[in-house]
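Got a sequence here, can you build the structure:
(one chain, ligands or ions: 2)
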Amino acid sequence: MTTGTETRRFEAEVAQVLHLVTHSLYSHKEIFLRELISNASDACDKLRFESLADPSLAAEDSELRIEVSWDPDARTVSVRDNGIGMSRDEVIANIGTVASSGTRRYLEALSGEQKNDARLIGQFGVGFYSAFVVADRVTVLSRRAGSDEGVKWESDGKGEYTLDDAADLARGTTVILHLKADEDEFLRPWTLRQTIRKYSDHVAFPIRVPKDKDGKPEDGEFETINAASALWARPKSEITEDEYQGFYKSLGHDFNDALTWTHNRVEGSQSFTTLLYLPSQPPFDLAMGGRDERKGLKLYIKRVFIMDAADELLPNYLRFVRGVVDADDLPLNVSREILQQNRQLEKIRAACVKRVLDLIEKLARDDADKFTTFWKAFGNTLKEGIVEDSANRERIAKLLRFASTKGEGAAQVVSLDDYIGRMQVGQDVIWAITADSHTAAAGSPQLEVLKARDIEVLLLSDRIDEWMLGNLTEYAGKKIQSAAKGELPLDEAGKQKQEEASKQAAPLVERIKALLGERVGDVRVSARLTDSPSCLALADFDMAPHLARLLREAGHEMPSAKPTLEINPGHRLVQRLEGEGDDAKAGDLAALLLEQAEITAGAQLEDPASFVRRMNRVLLG
Ligand code: ADP
Ligand code: MG
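Ligands and ions are numbered 1, 2, ... in the order given. Predicted coordinates for the structure are as follows:
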């Protein structure tokens, strides 16, 4: 192991993070305190956890705490903890490099917009570097629990740092900020105390500041200024809304208030407490589709922090939930592997899912505005539950909201229950259509007959919808069917009309089939169309053309099934084709019927140039 003095360069990414952090946190300078205190609290959590297996680690000083002090003469602010501490190698690994892939993603995700970037910083765990927002030099003194060797790290945040041995350190870590010239406000006791309270009141360890007003630790006694209790362990009736929100912010790395929460205690053969929050906007990693590192749901056992266990405690489609689960009866030495097959945990997980769904239902019932906010932020994530959580499929389906031909434009406001409530007499199918935009869905020719009969159709245009709908074939005993697929179920009169029309148009259909040849699987008379000349019809299990296109663009091999073309013999273009004696001209018309059907279905034209030439020939007569 290396000892003595050495100078090292930050990893290139660190330099970049440092630069960005100091610039984008400009309007939230005081965040550094929250970040350093949160690191100190993590360090105390870690010590408590490790000392379960090895009590000697905490023996010398078992009362875990965090101390913030300041020195107006030296112009320093210090944050000290008696937690786990760091060895020299750990200092290098943890604060000399960008260790987490989250931070790398953060770098890629930066928008250049200050407010947004600042919000991201907490989420991506680049917390320590926020010290350089207010300090032009930072010193870290640390000694790891169980070791005698101390280390001193120092840097001006400009590309290099130095390491040195440090003797006589107490266990844990002290971070000393040498304030920049214009940051004197952080030397004011009142400002410091207020800021600590604001951001860190819910840290579960005592945060202490010197009683003495000039802040030097050696000058006097300390006093504890936070509640220092596990908020979730207190009775609900004693917790204020502000306290809940404050705790949320300390948990979720979110500057914004939570949308709502649910706090419950289960007593019985197995006792546990859950405090679960819905954020009011998606955290960045969710927006990125980041499924690998799920954070924000912490598992405690009898108030000892065990681990971030979002994966173990909630299914993926509820990954936006933040909060705490505190179990009384799990073994303290539990590992992630054990957790994954633990029967008790299965029960807790089921309870968490139930609580969250209850909470969302309550929003839907009692608070339309908040539910709308929720749906906009997380509706698409929740939809995954239709596929992922078949046991709760009906409950989740009840929460879904759609745009519809009888809704409010593109707004997703219609529930399946709304739809069923206004179904027509004799209608037993819920109609839906998917496309890659709302406009495309609303304009689908396949809807024409349904519209003409005043039958409502749900208009789905999110990427996940086609996949979801494939797994949601029924709701409340009603079949859910795509208006673009299969045969339209017609009443007796409709059937007869359809048969007659088909018989009459049989020669025309044969002619078009011959003209299009290999390009189509089948041609038939449509029961769907009133205004458009043609559309594609899919078999029940065919993939929607717009989705096939997306998948193909994403590099997947998609079998290209030949489409079935439906025509509307009442349309003038089709009639023109019928009367066209010239086979070349008829061929152009037939191809255009197919191509416009493909375009409206969101499929990709195989040969756009030929399409344009054909269209121009027809236009010029
Ligand atoms: P994060 O807390 O999200 O991991 P930070 O930048 O805040 O990111 O901290 C980086 C790492 O440095 C931490 O993960 C931890 O390993 C180490 N660290 C920071 N502060 C302390 C401390 N007070 N005690 C022990 N380790 C610390
Ligand atoms: Mg941190």
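
Which residues belonging to stretch 149-160 are considered buried?
150-155, 157 (16 or more other Cβ atoms under 10 Å). Any C-beta I mention is one placed from the backbone N, CA and C, and that applies to glycine too.

Need the pLDDT of Leu286.
pLDDT recorded at Leu286 is 49.

Thr2 reaches Val91, doesn't it?
No: using Cβ atoms under 8 Å, Thr2 is not in contact with Val91, being 11.2 Å away.

Give me the more crowded residue out of these two.
Shown here are Thr2 and Val91; by other Cβ atoms under 10 Å, Val91 has more neighbours (20 against 10).

Let me see the contact set for the more buried one.
140, 142, 151, 153, 163 (Cβ atoms under 8 Å, 6 or more residues apart in numbering).

Could you report the separation of it from Thr162?
In this view, Val91 and Thr162 are 11 Å apart by Cβ to Cβ, to the nearest Å.

Can you pull the residues that touch both of the two?
Here Val91 and Thr162 share the contacting residues Trp153, scored by Cβ under 8 Å, 6+ apart.

so how many other residues sit close to the residue of the chain found nearest ligand 2?
At 3.2 Å from ligand 2, Gly127 is the closest residue in the chain, using Cβ to the ion. Gly127 has 20 neighbours, counted by other Cβ under 10 Å.

The closest residue to it other than its chain neighbours: which element?
Of all residues beyond its chain neighbours, the one nearest Gly127 is Glu35 (3.5 Å), with distances taken as Cβ to Cβ, 6 or more residues apart in numbering. Element membership for Glu35 (DSSP states H and E) is helix 31-53.

Beyond that helix, next helix or strand please.
Following helix 31-53 in sequence order, the next helix or strand is helix 56-59 (DSSP H and E).

Tell me the strands beside whatever helix or strand comes next after that next one, with direction?
Next helix or strand after helix 56-59 toward the C-terminus (DSSP H and E): strand 66-71. Strand pairing for strand 66-71, using DSSP bridges, gives strand 76-81 (antiparallel), strand 207-210 (parallel).

just how off-centre is strand 66-71 within its chain?
Its chain's C-alpha centre and that of strand 66-71 lie 37 Å apart, by Cα atoms, centre = their mean, to the nearest Å.

That one vs helix 31-53, what angle?
Counting by axes from the mean of the first three to the mean of the last three Cα atoms, to 10 degrees, strand 66-71 lies at 140 degrees to helix 31-53.

Identify the residues contacting strand 66-71?
Strand 66-71 is contacted from outside by 33, 37, 40-41, 44, 76-81, 186-187, 189, 192, 196, 203, 205-210, 214-217, 222, using Cβ under 8 Å, 6+ apart.

Turn the buried ones among those residues into a named PyMOL selection, would you?
Listed next is the PyMOL selection for buried residues among the contacts of strand 66-71, using 16+ other Cβ under 10 Å:
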select buried, resi 33+37+40+41+44+76+77+78+79+80+81+186+187+189+192+196+203+205+206+207+208+209+210+215+216+217+222
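
picking that back up, ranking the strands paired with strand 66-71 by mean pLDDT, which is last?
Ranked on mean pLDDT, the bottom entry among the strands paired with strand 66-71 is strand 207-210, at a mean of 93.

Only alpha carbons, please: show that one as CSV.
Coordinates of each C-alpha in strand 207-210 appear next as CSV, following Å, rounded to 0.1, in the frame of the first residue of the first chain:
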residue,chain,number,x,y,z
ILE,A,207,-26.5,16.7,13.4
ARG,A,208,-24.7,18.9,15.9
VAL,A,209,-23.4,22.4,15.7
PRO,A,210,-21.4,24.4,18.2
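
near ligand 1 at all, that strand?
No: applying Cβ under 6 Å from any ligand atom, one finds strand 207-210 out of contact with ligand 1, separated by at least 13.0 Å.

Could you identify the helix or strand that succeeds that strand?
From strand 207-210 onward toward the C-terminus, using DSSP H and E, the following helix or strand is strand 222-224.

which helices and strands sit right next to that following strand?
strand 207-210 (3 or more Cβ pairs under 8 Å, 6 or more residues apart in numbering; DSSP states H and E).

and the strand it packs on, how far from the chain's centre?
How far strand 207-210 lies from its chain's middle: 37 Å, per Cα atoms, centre = their mean.

With stretch 131-138 instead?
In terms of Cα atoms, centre = their mean, the centre of stretch 131-138 is set 32 Å apart from its chain centre.

List the contacts of Val266.
By Cβ under 8 Å, 6+ apart, the contact set of Val266 is 272-274, 351.

meant to ask about Arg393
Counting by Cβ under 8 Å, 6+ apart, Arg393 touches 385-386, 471-472.
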